[in-house]
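*Asks:* got a sequence here, can you build the structure:
(one chain, ligands or ions: 1)
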Amino acid sequence: MDIAKPSKTKELLRRHNLELKKSLGQNFLIDNNILDKIVDLANVNEEDTVIEIGPGIGSLTQKLAEKAAKVVAVEVDQRLEEVLEETLDEYNNIEVVFDDALEVDFDDLVDGEYKIVANLPYYITTPIVMRLLEEGFNVEQIVFMVQREVAERMVADPGGKDYGVLSIGIQFHTTAEILFDVPPDVFIPQPKVHSSVVSLDVLEEAPVEVVSEEFFFKIVNAGFQQRRKTIRNSLSKAANINLSRDLVDEALESVAIDSRRRAEKLSLEQFATLSNKIYELFH
Ligand code: SAM
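*Replies:* Numbering: from 1, shown residues only. Here you go, the predicted structure:
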């Protein structure tokens, strides 16, 4: 059943009496080319187990199931049960789990490693991605559609306005790449924003060495609390950690970072060296 066509999607929604909920980010894809491209570029193959977040009426789920060994789709909206039973009826390698992707333990859903592929509900992008990376799930690759601005922040290099806590979080845990951009008119209803499909290859080891990951991210957060301030001022006035100006000065000097620079100019490596030095002086 080809459901990713405007007429078929509308017919299914009408027949199952479904009103889409903006609060759940329900913008459904109605373009087969985009769906095929996501599955192709995610390199989904017969050895893969895929977890999909938010199957909606199942258009991406079908395509994933055609290529993967197994697909587990996690959907929070129980109203979609009936329509998914209809659209996924022909497939014997799909399991739909009605649960909240912000709560569920993904490792409990499948055995071994898996890929996550999704057209994400945008309201949960940052919490879901940080959860996936910080909680050390067995996920090897994440390919998902996100709001374009968020994608740009994920892959941003130091120096620009897009570079921040999200860029560092993503680049600490993954190799991130924007695969392609997607216009609003391939969704029902059309979102107000442009989208991009992003690939995140989860790294086994972080690209920089940090004494404490928790402390590293504390320093990164502190540095970006007020972007316009110098790194010296941001760190010594940060609300999330109590660092004296003397300690900050000593740390900056000993790792040769100019105290007048802003956090947005510091690379991942510089944040790592700096946080390691502060950790040493602080403890
Ligand atoms: N995969 C479908 C597609 O591409 O057309 C639907 C994508 S739609 C952007 C996002 C889907 O995520 C919706 O079906 C929505 O109900 C679901 N969703 C929203 N919040 C969720 C959550 N916390 N956990 C799991 N699914 C969620």
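*Asks:* so who does T87 touch?
*Replies:* M1, I3, L12, I57, G58, S59, T61, Q62 (CB atoms under 8 Å, 6 or more residues apart in numbering). Where C-beta positions appear, they are placed from N, C-alpha and C, glycine not excepted.
*Asks:* including distance to V186, could the residues you listed go into JSON lines?
*Replies:* Putting the contacts of T87 into JSON lines (distance: CB to CB, whole Å) gives the following:
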{"residue": "M1", "distance to V186": "19"}
{"residue": "I3", "distance to V186": "14"}
{"residue": "L12", "distance to V186": "17"}
{"residue": "I57", "distance to V186": "15"}
{"residue": "G58", "distance to V186": "17"}
{"residue": "S59", "distance to V186": "11"}
{"residue": "T61", "distance to V186": "17"}
{"residue": "Q62", "distance to V186": "16"}
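*Asks:* and the least confident of the residues you listed?
*Replies:* The member of those with the lowest pLDDT is M1, at 78.
*Asks:* not counting its neighbours along the chain, what's nearest that one?
*Replies:* Counting by CB to CB, 6 or more residues apart in numbering, T87 is the residue found nearest to M1 once chain neighbours are left out, at 6.0 Å.
*Asks:* R79 contacts L20, doesn't it?
*Replies:* No: R79 lies out of contact with L20 (CB atoms under 8 Å); the separation is 10.1 Å.
*Asks:* on that earlier part again, now for the contacts of T87: which two are most distant?
*Replies:* Among the contacts of T87, the pair separated by the greatest distance (CB to CB) is L12 and T61, at 13.4 Å.
*Asks:* okay, the two: which has more neighbours?
*Replies:* More crowded of L12 and T61, by other CB atoms under 10 Å: T61, with 27 against 19.
*Asks:* wait, the more buried one sits on P55?
*Replies:* Yes: using CB under 8 Å, T61 is in contact with P55, at 4.4 Å.
*Asks:* now list whatever residues contact both of these two.
*Replies:* Going by CB under 8 Å, 6+ apart, residues that sit against T61 and also against P55 are A73, L84, V96.
*Asks:* highest neighbour count among these?
*Replies:* A73 (27 neighbours).
*Asks:* leaving out the residues flanking it, which one is nearest to that residue?
*Replies:* P55 (3.9 Å).
*Asks:* before we move on, what's the pLDDT of the one you found?
*Replies:* For P55, the pLDDT comes out at 98.
*Asks:* who touches the residue nearest to N93 when sequence neighbours are not counted in this structure?
*Replies:* Counting by CB to CB, 6+ apart, K70 is the residue found nearest to N93 once chain neighbours are left out, at 5.0 Å. Neighbouring residues of K70 by CB under 8 Å, 6+ apart: T49, V50, N93, I94, E95, V110.
*Asks:* let's have the residues you listed in JSON lines, adding pLDDT, distance to the ligand and neighbour count.
*Replies:* Compiled in JSON lines, those are given as follows (pLDDT from 0 to 100; distance: CB to the nearest ligand atom, whole Å; neighbours: other CB atoms under 10 Å):
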{"residue": "T49", "pLDDT": "98", "distance to the ligand": "18", "neighbour count": "20"}
{"residue": "V50", "pLDDT": "98", "distance to the ligand": "12", "neighbour count": "28"}
{"residue": "N93", "pLDDT": "98", "distance to the ligand": "17", "neighbour count": "15"}
{"residue": "I94", "pLDDT": "98", "distance to the ligand": "13", "neighbour count": "23"}
{"residue": "E95", "pLDDT": "98", "distance to the ligand": "14", "neighbour count": "15"}
{"residue": "V110", "pLDDT": "97", "distance to the ligand": "16", "neighbour count": "16"}
